[in-house]
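Engineer: Need a 3D model of the following:
(chains A and B)
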Amino acid sequence: MNNSFLRVSIWVYLVIFFLYLLGPLVIMSVTAFNSSAFPRMTPWECLTFQWFGELFQDQRILNGIKNSLIIGAGTVILSVAMGLAGALMLTQIWPKLRATYYTIIIAPILIPGVVLGISTLVFWDRINRMLGLGADSFLSNGIFLTVIGQSTFIASYCMLVLVARLQRYDVALTEAALDLGATHAQAFRKILLPFMRPAIASAAVLAFLASFENYNTTTFTFGEYPTLTIELAQKVRYGITPAISALAFIIVALTVFFALLNEAKLKRQELVAAARKSATVEELAGKIKLPSFFAGNMAAVLLVVFAVATITVVGTATAYNPGQCIANVKEQKRVEAEQRIQELRKQREEQRKKREAEEVEQGGAQQSTPKPSNNSGFGNVFAPNTLGGDAEEESSDTETPPSNNGGFGGVFDPNSLQTDQ
Amino acid sequence: MPGFLKEFFSRNGIGMGAAILGLVLFWTIGLIILPQLSMLDFSFRPNLPPPEIGGPKDVYTLENYKYLIYGPEGGSQSYNAVDLRVFFRTLLAAVCVTIFNLILCYPIAYYLGQSKGNHIRIFAIMLIIPYWINEILRAFALRIIFGETGVLNTLFVGLGIWDTPFDFIRNDIALYAGLGYAYILLMIFPMYNVIESLDKNQIEAARDLGAPWWRIHWRVVIPYAKPGISSGCTMVFMLSAGALAAPQILGGPSSLWFTQLIYQQFNDNNDWPQGAAYAIVLLVTCILFVLAMMRLFKVNMGDIGK
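Structural biologist: Coordinates of the predicted model:
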């Protein structure tokens, strides 16, 4: 009984955990299709693809993507090279130096990105000054600084990935090549590099992703070349629009696609290897009957489903026109707003009537008192209540605009201004 | 030429050896050590306009560090209460985020490490996918959820649990959720790596000897997983204390993160030495704190990062 309770609770826990992990991404992706000008799930207005169109017309985003790609390429080259050199050095460094060396090259992972950005900026600024170069020299160029700053810690990630594979490398292979007359460069290119290729590929992917999404370091070094992440941060900080959700949706979809692709490929290799293993000698000599591509490969099936869904969505997007629905929602909002105004008016009218009645009563009561001040010819104009009443009316007036459904069509809604940015 | 270098070159050849050595030296000295030293040096200098740098006024001074503690000279307060409060709040919040993440991730890491099967791979993919998505977009997603008209508020107001929207952002709940969210993977992976290598027989032996499940964790799994736990905690602590994007996007208008102060010094006040001094203070404090914690929990430095 205790055991089954534990099992149930761990499943509940897993569900909650993955909701926390994936829920935000799902919600964000869904908001990309809502026509509401503020990214939200509820109230659902209309299915629309307009935010994708808006996204692709945004020059700053496109420019940011361009800069990100350039910087990403530079970072991949530099940090994989440094990571490989660092890993090779780690395997043959003098044992006494090893611990110190390891601490130094692992430290950038733990140093806050902000600190790395600042130190890069300060250091290269100083070098620039020492060389007597101007403010627009190559060394103070945003792309150069960003590549340098990011590579400082991304190289450490690459080194970790590469050293894991390098540890399985048999040095005898290189030695054999050298004995057979290869030069060191040839041995490196023909023996070591092919062995390291899978690790280099994953290090490169890792480096590119890390560079693409880096914010903390880049924000100090980018200069005139804002990357996509910087542009996104500016947009998000000063107002959020569903166009960002649309971008997020594209990134999520691409990520899922490549994750499935990779998984399907791995599974396929596994299945093929398993089939080879169980094959008889006869089969091996002739043709091996390989399992079909989809058999036992969940990821591949999902991949195809995913691709079909994408094609369907894109297909609908070109044919679908949400104009009518948006017009309906607008009309509905207008009607609602009018109703609300009417109600407000009615309420105010009632209040006024009530107040007048009260004032009459009060006035009557006050007149009966012997106090002389109230009997002036100005009636109750100077009574504090009347002024207060006016003020109240004003405040109830000002209360209407902030609500999104107000009669002003959301002009005063802070979000409407932000979307213009 | 020392023996070590000679051996290195004879092993790798002159050309290859020079390339490897050059890259490693460029990385370790040119990118890691010198910039940090340069920043340290810079933090002890006054804020001068470019023509005066290197001039007679460019002398070492403690002024930037004094500013953090005592505030501007001639100020009304004897201590720089605003910045100091932000600093300690940042550290405290980073500790809280770390503990929250540890509690949240330990069961998952244990589960993933100890069970076998196809679904583990699916879980692993589901864990990794959020980390391929931009940091800014992750914070943005949480802002959609926690915003005043966000999903949570609509839900709770709609259900009638609250009558007015609850301001998650002003109360920093969004910020803590965002920071915790950002570093889940960094907490899980080191723990998972260690727990995966734990021999299942040890757990079974403890169970056979009559230990209840919590004692198995306390006496067997946690001591074994200590290196993983400590590297996870170190990473999460350092990264959340040094986070900039999440506080900028999810932080309330009245509460600042220490990195935001550094950012302001650099970008708004244009006072680089001051910003560098703040960065040094943050870095040194974080390192000292981590070292103290490692001493307290008896973890070796060598275990970290394995």
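Engineer: which intervals of chain B have sub-threshold pLDDT?
Structural biologist: B:1-2, B:49-57, B:71-77, B:148-149, B:165, B:300-306 (pLDDT under 70).
Engineer: one more time with 90, if that's ok
Structural biologist: Residue ranges of chain B with pLDDT under 90: B:1-22, B:24-25, B:27-33, B:35-90, B:93, B:104-236, B:238-283, B:286-287, B:289-306.
Engineer: Can you tell me which residue sits nearest the middle of it?
Structural biologist: With distances taken as C-alpha atoms, centre = their mean, the residue of chain B nearest its centroid is residue B:239 (1.3 Å).
Engineer: so which helix or strand takes in that one?
Structural biologist: Using DSSP states H and E, residue B:239 falls within helix B:222-241.
Engineer: how about the residues of the stretch 51-200 of chain B near chain A?
Structural biologist: Applying C-beta under 8 Å from any C-beta of the partner chain, we find that the stretch 51-200 of chain B lies next to chain A at B:53-54, B:104, B:107-108, B:111, B:118, B:121, B:123, B:125-130, B:132-145, B:147, B:149-151, B:154-155, B:158, B:181, B:184. Backbone N, C-alpha and C define where each C-beta goes, glycine included.
Engineer: and chain A, what are its domains?
Structural biologist: Chain A breaks down by automatic domain parsing into domains covering A:58-240, A:241-320, A:322-350+A:399-421.
Engineer: any idea which of those domains is most buried?
Structural biologist: With neighbours taken as mean count of other C-beta atoms under 10 Å in any protein chain shown, the domains of chain A reach their highest mean count in domain A:58-240, at a mean of 19.
Engineer: and that one, what's its mean pLDDT?
Structural biologist: What domain A:58-240 shows for mean pLDDT is 86.
Engineer: So residue B:253 lies in a helix, does it not?
Structural biologist: No. Under DSSP: H, G, I helix; E, B strand; the rest coil, residue B:253 sits outside any helix and is assigned coil.
Engineer: longest helix in chain A, by residue count?
Structural biologist: If you go by DSSP state H, chain A has its longest helix at helix A:323-368.
Engineer: Can you pull the residues of the stretch 251-400 of chain A lying near chain B?
Structural biologist: So the stretch 251-400 of chain A meets chain B at A:251-252, A:255-256, A:259, A:263, A:298 (C-beta under 8 Å from any C-beta).
Engineer: Looking at those residues, which gets the smallest pLDDT?
Structural biologist: Lowest in pLDDT among those is residue A:298, which has 69.
Engineer: nearest residue to residue A:231 other than its sequence neighbours?
Structural biologist: In space, and not counting its chain neighbours, residue A:231 is closest to residue A:64: 3.8 Å by C-beta to C-beta, 6 or more residues apart in numbering or on different chains.
Engineer: for the closest residue to residue B:245 other than its chain neighbours, helix, strand, or coil?
Structural biologist: The shortest distance from residue B:245 to any residue other than its chain neighbours is 4.5 Å, reached at residue A:215 (C-beta to C-beta, 6+ apart). Three-state assignment for residue A:215 (three-state DSSP): coil.
Engineer: In contact with residue A:215, which residues are there?
Structural biologist: A:113, A:229-230, A:233, B:135-136, B:244-245 (C-beta atoms under 8 Å, 6 or more residues apart in numbering or on different chains).
Engineer: now do 7 Å
Structural biologist: Residues near residue A:215 by C-beta atoms under 7 Å, 6 or more residues apart in numbering or on different chains: A:229, A:233, B:135-136, B:244-245.
Engineer: after the helix or strand containing residue A:52, next one along is what?
Structural biologist: Taking DSSP H and E as the definition, residue A:52 sits inside helix A:50-57. Heading C-terminal from helix A:50-57, the first helix or strand you meet, by DSSP H and E, is helix A:59-92.
Engineer: Excluding chain neighbours, what is closest to the residue in the stretch 1-150 of chain B that chain A sits nearest to?
Structural biologist: Of all residues in the stretch 1-150 of chain B, residue B:13 sits closest to chain A, at 2.6 Å by C-beta to the nearest C-beta. Leaving aside its sequence neighbours, residue B:13 sits nearest to residue A:184 (C-beta to C-beta, 6+ apart; 2.6 Å).
Engineer: quick one, helices of the stretch 1-150 of chain A?
Structural biologist: Assigned by DSSP state H, counting those that start in this stretch, the helices in the stretch 1-150 of chain A fall at A:2-31, A:50-57, A:59-92, A:95-110, A:113-130, A:142-166.
Engineer: now the ones you listed as JSON lines including distance to residue B:267?
Structural biologist: Shown next, in JSON lines, are the helices of the stretch 1-150 of chain A (distance: least, C-beta to C-beta, whole Å):
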{"stretch": "helix A:2-31", "distance to residue B:267": "28"}
{"stretch": "helix A:50-57", "distance to residue B:267": "27"}
{"stretch": "helix A:59-92", "distance to residue B:267": "18"}
{"stretch": "helix A:95-110", "distance to residue B:267": "23"}
{"stretch": "helix A:113-130", "distance to residue B:267": "11"}
{"stretch": "helix A:142-166", "distance to residue B:267": "14"}
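Engineer: The residues of the stretch 51-200 of chain B next to chain A, buried ones only, as a PyMOL selection?
Structural biologist: Under the burial definition 16 or more other C-beta atoms under 10 Å in any protein chain shown, those of these that qualify are selected in PyMOL by:
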select buried, chain B and resi 104+108+111+123+127+129+130+132+133+134+135+136+137+138+139+140+141+142+143+144+145+147+149+150+151+154+181+184
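Engineer: In helices, which of the residues of the stretch 51-200 of chain B next to chain A fall?
Structural biologist: B:104, B:107-108, B:111, B:118, B:121, B:123, B:125-128, B:135-145, B:151, B:154-155, B:158, B:181, B:184.
Engineer: residues contacting residue A:155?
Structural biologist: Residues near residue A:155 by C-beta under 7 Å, 6+ apart: A:79, A:82-83, A:86, B:27.
Engineer: Please identify the residue of the stretch 201-306 of chain B positioned nearest to chain A.
Structural biologist: residue B:242 (2.3 Å).
Engineer: I figured that residue was touching residue A:109, is that so?
Structural biologist: No. If you go by C-beta atoms under 7 Å, residue B:242 and residue A:109 don't touch, sitting 11.5 Å apart.
Engineer: before we move on, the earlier item: check which helices and strands the longest helix of chain A sits against.
Structural biologist: Secondary-structure packing of helix A:323-368 (3 or more C-beta pairs under 7 Å, 6 or more residues apart in numbering or on different chains; DSSP states H and E): helix A:384-399.
Engineer: Just say helix, strand or coil for residue B:170.
Structural biologist: coil.
Engineer: what number of residues lie near it?
Structural biologist: 14 (other C-beta atoms under 10 Å in any protein chain shown).
Engineer: isn't it right up against residue B:251?
Structural biologist: No. With contact defined as C-beta under 7 Å, residue B:170 does not reach residue B:251; the gap is 9.6 Å.
Engineer: Against which helices or strands is the helix holding residue B:239 packed?
Structural biologist: By 3+ C-beta pairs under 7 Å, 6+ apart, helix B:222-241 packs against helix A:95-110, helix B:81-114, helix B:184-196, helix B:272-296.
Engineer: Could you say which one of these comes nearest to residue B:5?
Structural biologist: Between residue B:5 and the helices and strands packed on helix B:222-241, the tightest spacing by C-beta to C-beta is seen for helix A:95-110, at 11.9 Å.
Engineer: So what's the gap between stretch B:179-188 and the chain middle?
Structural biologist: Taking C-alpha atoms, centre = their mean, to the nearest Å, one finds stretch B:179-188 lying 10 Å from the centre of the chain it belongs to.
Engineer: and what of stretch B:238-250?
Structural biologist: 8 Å.
Engineer: Which residue is it, in the stretch 151-300 of chain A, that comes closest to chain B?
Structural biologist: Nearest to chain B in the stretch 151-300 of chain A, going by C-beta to the nearest C-beta, is residue A:184, at a distance of 2.6 Å.
Engineer: Tell me if stretch A:196-206 is near chain B.
Structural biologist: No. Stretch A:196-206 stays clear of chain B (C-beta under 7 Å from any C-beta of the partner chain), getting no nearer than 9.6 Å.
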